[in-house]
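>>> give me coordinates for this.
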Amino acid sequence: MKLDRARLSEMLQDSLPTDGSLFVVDLTVSDAIRPKVTVTLDGEQGVGIDECAQISRRLARRVDEEYGEDASYTLEVTSPGADQPLRDARQYTRHVGRSLSLKLTDGTEKTGTLEAVEAEGIQLAEVVKEKSKKKTLPAALVPFASIQEAKVVISFK
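Numbers count the residues shown, from 1 in each chain. Sure thing, here's the model as predicted:
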């Protein structure tokens with residue numbers, strides 16, 4: 001059986017709450033004999049296990065209606081892990097004040113504090129090393145278009 005990713009995406013959008021509190025970060029469908037559908041959700045306030053379970057039940061019901069109850073697949077609805085890169089601009093908002101590690105499309109890397117999120121990018125107060133001392137530069141705009149990968153730096157201090 002082959003699941004149509006575009007159709008799954010439509011069904012997933014219909015399964016989300018109408019208040020816009022959750023959004024899809026990623027949807028993958030494996031090509032295995034028994035396909036595995038992996039949905040990654042996030043929200044401006046994060047996403048809890050109860051919300052993941054609710055979306056999973058809604059999506060499974062829609063998939064069963066579309067492909068029949070005998071359809072064999074595995075469905076996993078999850079939140080992004082702490083070590084996962086930020087993929088959607090809406091994910092940045094709840095990380096304001098945290099340290100981010102950026103890989104930019106020009107090949108450079110930056111680390112600094114996320115000061116603010118704007119429509120076209122983020123304000124990052126970059127931390128640079130000068131003679132074994134760390135110096136924080138004033139916040140500067142980093143456009144979303146120039147961010148190849150962004151990860152939250154996890155600190156255990």
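>>> helix, strand, or coil at the residue nearest to residue 90 when sequence neighbours are not counted?
In this structure, residue 90 finds its nearest non-sequential neighbour in residue 23, 5.9 Å apart by Cβ to Cβ, 6 or more residues apart in numbering. For every residue, glycine as well, the C-beta is placed using N, CA and C. At residue 23, secondary structure determined by DSSP: H, G, I helix; E, B strand; the rest coil is strand.
>>> identify the residues contacting the helix or strand bottoming out on mean pLDDT in the chain?
Least confident element among the helices and strands of the chain, by mean pLDDT, DSSP states H and E: strand 133-136 (a mean of 90). The contact list for strand 133-136, computed with Cβ atoms under 8 Å, 6 or more residues apart in numbering, reads 112-113, 125-129.
>>> work out the sheet partners of it and label each with its direction, please.
strand 121-130 (antiparallel) (DSSP bridges).
>>> could you pull out the buried residues of the strand it pairs with?
Buried positions in strand 121-130, judged by neighbour count with 16 or more other Cβ atoms under 10 Å: 121-124, 126.
>>> what is the rounded mean pLDDT of it?
The pLDDT scores in strand 121-130 average 94.
>>> repeat for stretch 55-75
In the prediction, stretch 55-75 has an average pLDDT of 92.
>>> just the CA atoms of stretch 131-144, as CSV, please.
Extracted C-alpha coordinates of stretch 131-144, given in CSV (Å, rounded to 0.1, in the frame of the first residue of the first chain):
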residue,chain,number,x,y,z
LYS,A,131,41.6,36.8,22.8
SER,A,132,40.1,34.0,24.9
LYS,A,133,37.3,36.3,26.1
LYS,A,134,33.7,36.2,25.0
LYS,A,135,32.2,39.4,23.7
THR,A,136,28.5,39.9,22.9
LEU,A,137,27.8,42.1,19.9
PRO,A,138,24.7,44.2,19.6
ALA,A,139,21.7,42.3,18.2
ALA,A,140,21.6,42.2,14.4
LEU,A,141,18.9,41.0,12.0
VAL,A,142,19.5,37.5,10.5
PRO,A,143,17.0,36.9,7.7
PHE,A,144,15.2,33.6,7.7
